[in-house]
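**Q** Test case, fold it:
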Amino acid sequence: MEDVLDELREQNISVPVPLELPDEDSLVVVEEELLLSLPRDLRDYLLQASDVVYGSLEPVTAADPYAHTYLPEVAAVAWSRGMPRHLVPLCEVNGHYYCVEPEGEVQFWRDGDVTDETWPSVWHWVRDVWLES
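**A** Predicted structure coming up:
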């Protein structure tokens with residue numbers, strides 16, 4: 001995880017209005033809004049790397065409730081489109097979602113179904129998908 005986090009930090013693009021990292025209290029609010037506990041790796045990602053801007057993907061964030069990437073809002077849209085309620089979205093791509101199972105595996109949900117594309121953790125997804133975008 002540390003190697004992936006270091007690489008992600010190195011690739012971070014400077015933007016006029018940088019994203020902020022949430023604190024533990026913000027994540028409690030997010031969990032209350034979702035009515036779900038966040039998978040451990042997703043929680044770690046949000047606390048340590050959700051302020052990174054890189055590539056063509058925009059993973060969820062948890063610090064600014066007005067951001068278009070704010071996790072509870074992204075989840076509400078994903079669930080309204082039929083994504084199973086036990087999955088937590090990680091990143092929306094053209095109406096499809098990378099999502100995290102309660103045990104931490106990342107899956108790709110497309111056209112109403114979970115595909116065969118999976119990653120063992122959020123950090124594997126960051127390395128294999130986001131850093132390659």
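
**Q** Okay, helices next: where are they in the chain?
**A** With helices called from DSSP state H, the chain shows them at 2-11, 24-34, 40-49, 71-80, 122-128.

**Q** Ok, which of those helices comes nearest Gly55?
**A** Each of the helices of the chain was scored for nearness to Gly55 using C-beta to C-beta, and the closest is helix 2-11 (7.7 Å). All C-beta atoms are positioned from the backbone trio N, CA, C, and that covers glycine.

**Q** quick one: Cys91 from Ser121, how far?
**A** Per C-beta to C-beta, to the nearest Å, Cys91 is found 14 Å from Ser121.

**Q** Which residue is the nearest non-sequential neighbour of the spatially most central residue of the chain?
**A** In the chain, the residue lying closest to the centroid (C-alpha atoms, centre = their mean) is Leu90, at 2.7 Å. Using C-beta to C-beta, 6 or more residues apart in numbering and skipping residues adjacent in sequence, the residue nearest Leu90 is Tyr98, 4.5 Å away.

**Q** The one you found - how many residues pack around it?
**A** Using other C-beta atoms under 10 Å, Tyr98 has 24 neighbouring residues.

**Q** if I pick it, what's in contact with it?
**A** Tyr98 is in contact with Pro59, Pro89, Leu90, Cys91, Val106, Gln107, Phe108, Trp109, Trp125, Val129, counting by C-beta atoms under 8 Å, 6 or more residues apart in numbering.

**Q** Which of these ranks first by neighbour count?
**A** Most neighbours among the contacts of Tyr98, by other C-beta under 10 Å: Leu90, with 29 neighbours.

**Q** Is it correct that that one is in contact with Val122?
**A** Yes: Leu90 is within contact range of Val122, at 6.5 Å (criterion: C-beta atoms under 8 Å).

**Q** Using CSV, list the CA coordinates for the helix or strand of the chain with the lowest mean pLDDT.
**A** Across the helices and strands of the chain, mean pLDDT, DSSP states H and E gives its lowest value to helix 2-11, namely a mean of 93. Provided in CSV are the C-alpha atoms of helix 2-11 (Å, rounded to 0.1, in the frame of the first residue of the first chain):
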residue,chain,number,x,y,z
GLU,A,2,2.8,2.5,0.9
ASP,A,3,4.5,2.1,-2.5
VAL,A,4,1.2,2.7,-4.3
LEU,A,5,0.4,5.7,-2.1
ASP,A,6,3.9,7.1,-2.7
GLU,A,7,3.5,6.7,-6.5
LEU,A,8,0.0,8.3,-6.4
ARG,A,9,1.4,11.3,-4.4
GLU,A,10,4.2,11.7,-7.0
GLN,A,11,1.6,11.8,-9.8
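
**Q** Right, I'll leave it there.
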